[in-house]
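# Turn this into a structure:
(chains A, B, C and D)
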Amino acid sequence: MNKYLLYPGCSMESSGRAYGDSIKAIVEPLDLDFEEINDWNCCGATEYLGINLIPAYSLIARNLALAAKQMNPVNGTGGTHTVVAPCSACYLNLAKADYYMQERPSLGAKVNEALNAGGLEYKAGTLDVRHLIDILVYDVGLEKIRSKVVHPLNGLKVVPYMGCMLPRPDYQHRWTDHEHPTELDDLLRALGADVIDYPLTTECCGGHMTQIGPETAFELIRRLISDADERGAHLMATVCPMCQMNIDAYQHETNQFFGTDYHMPVLFFTQLMGIAFGKHPDEVGIGLELVSARNALANIGIEVPVTQEPAAPRKKDEGLPMPRRWTKHEGKEAVR
Amino acid sequence: MTEQFEPTIIGFTCNWCSYRAADLAGTARMKYAPNVRLIRMMCSGRLDPTFVLRALSGGADGVMITGCHPGECHYIEQNYKALRRFILLRRVLAGLGIEPERVKLVWASAAEGVRFASETTAFVEEIRKLGPLNWGNQGKDERERMKDENSSFIIQPSSFEKEVTL
Amino acid sequence: MPQMTDERVRAGMNREEDLSLLNEVSMKTAGVSHLEMCIQCGTCGGSCPVAMDMEHTPRMLFAMLRAGMRDEVLRSNTPWLCVSCYHCVVRCPQEVHIADVMYTLKGMAIHAKLYTNATAPHFSQTFVDMVEAYGRSYEMGLATRHYLRHFPLRLPGMMPMGFGMITKGRMAVMPKRIKQMDQLTAILDRAKQLELNS
Amino acid sequence: MSDTRSNPVDKRSSPVEKKIERVGVYVCHCGSNIAGTVDVVDVAKWAGEKLKHQGVVVAREYKFMCSSLGQELIQKDIKELGLTRVVVAACSPHLHEKTFRTAAKNAGLNPYLVELASIREQVSWVHSDKTVATAKAKAVVAGAVSRVIENRPLDEIKVPINPNTLVVGGGIAGIQSALEIANAGFHVYLVEREPSIGGHMAQFDKTFPTLDCSACILTPRMVEAGTHPNITLLTWSDVVNVSGYVGNFHVTIKKKARFVNEELCTGCGICQEKCPKKVIDEVYEAGLGYRKAVYTPFAQAVPNFPVMDKENCTYFIKGTCKACEKFCPTGAIDFKQEDQLINVDVGNIVLATGYDLFDARRVSNYGYGRLPNVFTSLEFERLSNAAGPTSGNIVLRDGKTTPKNVGIIHCVGSRDKNFNNYCSVICCMQGLKFAHLVHERTGATVYNFYIDMRTAYKAYDEFYQRVLEEGTLFVRGKVAEVTNAARRESEKGKLIIQVEDTLAGKQRRIPVDMVILSSGLQPRYDAKEVGKMFGISCSTDGWFTEKHPKLDPVATMTEGIYIVGCAQGPKDIPSSVAQGAAASARVLDKILQKEVTLEPIKASVDHEKCSGCKVCNGMCPFNAIAFIEDDKVSDINPALCQGCGTCVAACPAGAISGTGFSDAQIIAQIDGLLLRNLEPA
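Numbers count the residues shown, from 1 in each chain, chains lettered A, B, ... in the order given. Have a look, this model is predicted:
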């Protein structure tokens, strides 16, 4: 039994609920023991760092300090000094804070001074911060994962989408590559899926740009889904709640913006693991996505029970189609 | 400016790298703290720890040992031996009640005049903070300090530290 | 005697007068920025997925920092468009911590009130407000507050999405709050003081 | 002074009564170089007074001590005042130690009784406050005076030089070096790892900037080296052991089994023709072409005897075939041949071991190995070579399509802290050459992506001008990525080069058919081990380290070992040839001197004190220390000892002493520097 301290992150209970549910479903078959960090707080995502430096790192470091407190003796039984974060942004923030507190001792000292105000302290380097997929591929191992597969995903064409914050900046050198890492491909292949070579696997989903500059974000989302579509993917598999949210929830808007008609479901890789392990689709949160994966999963004989699809507000009756809207992105990138 | 403590420091330099780095710092007219007096040896491996004790007992407030970068030793690998002795030496100093930070190991190649100058100045500042060496009055916290082996007394890539375990 | 920091000694910079705009940014950045090492190769601007909407490529910003063009740099929309994808960071041949420098520039722009479009700083501030109030992010509150303020006309268009998120249970209607909120507040208050003093 | 400050560790300085030496101290002004910052008059006066009790009988200052007048001043004092020790306070010993030692020798004083105190590089040039600088100069002089008293007269060691030379590596640099020495009438062993000499140059089609055919200018040299009466050519061979020292190296060479009898083989090539086994040629064809299991890498190979690649030969794998043996007209195939060890004695060694091409797969954003139409520079050399796999047709990896747009990316793996820090020197010119060849042979549009255009050498920039005239498009910017993910119709089916055009300040995406990566050069994968075997060191980047980057670029810190060509650092053909010739001049100089003088800085064991603990035995990287079983003591071979002094410091019994840098000398210098040797006030 492998034991880890779990930092779930805020989205795991809300926008990324399907991720949280599916992780719960695979923990038991893979003999994983996740102990949640008590009273963890938000990592600040990509926002806090842009406002204040020391408060931002203190916010992150409070989680590290709490985890270190909770960490049992490493050499004792059942102890662990590994924190697992399933969200890429959380993973990056925790790992980066740990690294920078070492790289620049003056930052580490100030952060600790702030922590002291709350009766906490954290010695940088105490913990190992790792992402869920890192644990699954390197600790659990593909062999074991393969052995748990009862419903192989044969015939399901999946685009592996790693996103950007997971393989980069990678100060701890955990991944096979910064640009085209193979961990997700290998894992999906172990589930029997038909993995498509996807050159955009670590391109950005738009991050917070959906909130602050939607037009920029839509272009990034369009690139991802159009390439996946071009390559004949049934669905995309992702490892990050932010990526899932952007590509899933903003797909409709993106389509509207560009006058396109893509239908590219995005599921968490753990949902696919659950399916392959024989779990019921409901149990792993299938159906929570806004771009339904129903038809995609039908390809491998998985029937997703029809849930009450939300009745979208009615649109006005549409007339004849208009010419495609001009967007400022056309002909913009090139000065060739 | 108030009267400040000017430490005396003895530097042991390798003939092939750091002594030449000092030459280069001179040729390039770089300015650095005047508190270090250099002794040339053929190799940092020549450093007998008793030399350091002799210097400290003879009035020096700090000792700087400089050698070729790991892997660049003119005598192939003797600087690794210097490193091992250095680590041991710091333990001995702690045992004697002297702050181990008074001895510093710096790698500087013949081309690194800038590094030599900046490391020298930095070390003088460190010793200035420690104050004059006073035999026999130290020793309360040193053992504690030695436990914390990660303290930044060797300026070098950390991967190398791992290679040399005692 | 000026304070000698580990980074400056390493960079061979021992004198106070070396603190130019470039160094100011460097010192305010987490980790060692290596900003002074930029060779203007353009790897960052070439890698950036949102370069098409930026007023300046990151490379140009670094050149402008060297030239001491403080206001122009802080007015640029570039840092606000950075999506933190770290493509430039891992490809940069000089190991400049580009993404973190962008965070620093955002902070400096906020302090100097020099940003030209308030959407992004307000979004960050709203997010931070939520976190400081609850200890967790609160997507519902964040989204409504932010959209009402900056994209009121967009709200109807967002309805299907927001509606779907709520009915599917993917957006909590009420915020969650951590237990030891007072502890977090104490830490952040102290941290803010330290930030001001540094 | 309190008791604690007295000398608790003085275990080795000799307590024996010393006779008082007569020391002369000479302080140099060096014009204003020293005198501008150090009060030299005060230093000399101070030394004469405060160090009098140490034996200083005269202390003078002079404008330029290194001038002949300055030297005569010292020589006069040695003779007239009977000086037994001399201290010159001037520049670094690396500059003028030899000058003053020679002067002393000419005046009848043993040269090793002269000591230099560096008050220029270490004092006047690096400090600005005159009071502080003068005080430090005094301490440095005091240290030197204390030390020189402990100096002992030493005799220079002279050893004879073996006139034979070993050249390792048969690329253009090694060939040049071997030919120069051989032409001067001395014997050379030229050892090459591959089946033929020629090196990387043999793979190229054209050479910049003149565009003359590489093979046309190289092959005559190869033939000359292969047939020279003074050259013993050992190809398909590795140096496996080196011992000894300058003038007297003992080298063991492993001649790998060729499975072809060189006496009988005529080089007719029938065996290659008949061999049924096709193998991808990773070396000569850079993976783009094929060879047989028995092969000569190329038609003009020297020597022209094939070698059999045991790993791929059907007979060695399955036990049957022997087609080559069947068809060989002279019965030269010999499956029983074994590796052979050859011992040679040489006086000097030239290392010309060359470079490896940077593995472009490491830059995963450029897609080499993932995207078929991304090529490396060496692949392109073969592609454009008339003798290459496509007979010089520049085509895509499908073997037939001619590209319409080609992008050439500079600095691949070079000038990048993620890979190699250094500039690989040749890539800019190579990129220009490629642009010209593509343009000339295909008429394609060519883009060159560069960070800085470096064309600094005779006629190089003119070539840049020529390529500009030809219409090659230059984009200043390090390419961010090469991708096949199209964003629009016009990009579909193409490779898209995404880059910031830094001069336009805009990101561009340029669709092309072919990408050529101007990959950098890097040290041979085994350079570290080779360096260790020959007793020379590598820089941080992994290149062999020269003795002096400017003034001694082909010598190494180990006397008698020279480095030439890319083994020393990235360089082009003209520079490699120049270095090859330069090293030969150094070797011939050594050979003609017939004997060599060695610094008498050596360690020796006092057998009386040696407890036989063997601590020192493992300390010596030169294997100079041996344990004498009969006497149960360790002993140092002075011929092998390089004088580093590590064993001296390590000996727990204090039984090892080192000349030139003895414990007594160093301890005296410590005391002197701390001003503990002053005349009591």
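
# need the residues of the stretch 451-600 of chain D near chain A, please.
Applying C-beta under 8 Å from any C-beta of the partner chain, we find that the stretch 451-600 of chain D lies next to chain A at D:481, D:483-487, D:501, D:504, D:506-510. Quick note: C-beta positions are derived from backbone N, CA and C, even for glycine.

# Now for those residues: which two are most distant?
Based on C-beta to C-beta, the longest span within those runs between D:N484 and D:A504 and measures 24.5 Å.

# Would you mind telling me which of these two has the busier surroundings?
D:N484 (19 against 13; other C-beta atoms under 10 Å in any protein chain shown).

# Quick check, the more buried one in contact with A:P199.
Yes: assessed by C-beta atoms under 8 Å, D:N484 is found in contact with A:P199 at 5.8 Å.

# What ranges does chain C have for its helices?
Ranges of helices in chain C, per DSSP state H, are C:6-10, C:21-28, C:43-47, C:58-66, C:70-75, C:78-81, C:87-91, C:98-112, C:119-134, C:139-150, C:155-167, C:181-197.

# tell me the most buried of those helices?
Among the helices of chain C, helix C:43-47 has the highest mean neighbour count (mean count of other C-beta atoms under 10 Å in any protein chain shown), at a mean of 29.

# Briefly note if that helix comes near chain A.
No: Helix C:43-47 does not reach chain A (C-beta under 8 Å from any C-beta); its nearest approach is 10.0 Å.

# Can you pull up the most central residue in chain D?
D:F544 (2.8 Å; C-alpha atoms, centre = their mean).

# From D:V395, how far off is it?
According to C-beta to C-beta, to the nearest Å, D:F544 and D:V395 sit 39 Å apart.

# Kindly report the same for B:P100.
Counting by C-beta to C-beta, the gap from B:P100 to D:V395 is 66 Å.

# And C:M52, by the same measure?
Counting by C-beta to C-beta, the separation of C:M52 from D:V395 is 34 Å.

# neighbours of the residue in the stretch 401-550 of chain D that chain A sits nearest to, just the number please.
Scanning the stretch 401-550 of chain D for the residue nearest chain A gives D:A485, at 4.3 Å (criterion: C-beta to the nearest C-beta). The burial count assigned to D:A485 is 19, neighbours taken as other C-beta under 10 Å.

# just A:A233 next, same as before
24.

# do D:A585 as well
By other C-beta under 10 Å, the residues close to D:A585 number 14.

# which one is it nearest to, not counting chain neighbours?
D:E180 (7.5 Å; C-beta to C-beta, 6 or more residues apart in numbering or on different chains).

# quick one: what helix or strand has the one you found in it?
helix D:172-183 (DSSP states H and E).

# Could you say which helix or strand holds the residue of the stretch 401-550 of chain D closest to chain A?
D:A485 belongs to no helix or strand, assigned by DSSP H and E.

# So it sits against A:S226, correct?
No: applying C-beta under 8 Å, one finds D:A485 not in contact with A:S226, separated by 9.4 Å.

# Next one: A:C164 from A:G206, what distance?
From A:C164 to A:G206 the distance is 10 Å (C-beta to C-beta).

# which neighbours do those two share?
Counting by C-beta atoms under 8 Å, 6 or more residues apart in numbering or on different chains, the shared contacts of A:C164 and A:G206 are C:V83.

# more neighbours, the two?
Taking other C-beta under 10 Å, A:C164 and A:G206 do not tie; A:G206 has more neighbours (30 against 27).

# Double-check that the more buried one belongs to a helix.
No: looking at A:G206 with DSSP: H, G, I helix; E, B strand; the rest coil, it is coil, so not inside a helix.

# what comes up buried for the helix holding D:E180?
Across helix D:172-183, burial judged by 16 or more other C-beta atoms under 10 Å in any protein chain shown covers D:172-182.

# again with stretch D:569-582
Applying a neighbour-count criterion of 16+ other C-beta under 10 Å, one finds D:569-573, D:575-582 buried in stretch D:569-582.

# cool, stretch C:32-46 as well?
C:32-36, C:38-46.

# Could you dump those residues into a markdown table with pLDDT and distance to chain B added?
Shown next, in a markdown table, are these (pLDDT from 0 to 100; distance: C-beta to the nearest C-beta, whole Å):
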| residue | pLDDT | distance to chain B |
| --- | --- | --- |
| C:V32 | 87 | 14 |
| C:S33 | 91 | 18 |
| C:H34 | 92 | 16 |
| C:L35 | 92 | 18 |
| C:E36 | 89 | 14 |
| C:C38 | 95 | 19 |
| C:I39 | 96 | 18 |
| C:Q40 | 96 | 22 |
| C:C41 | 96 | 23 |
| C:G42 | 96 | 28 |
| C:T43 | 97 | 24 |
| C:C44 | 97 | 26 |
| C:G45 | 96 | 30 |
| C:G46 | 96 | 30 |
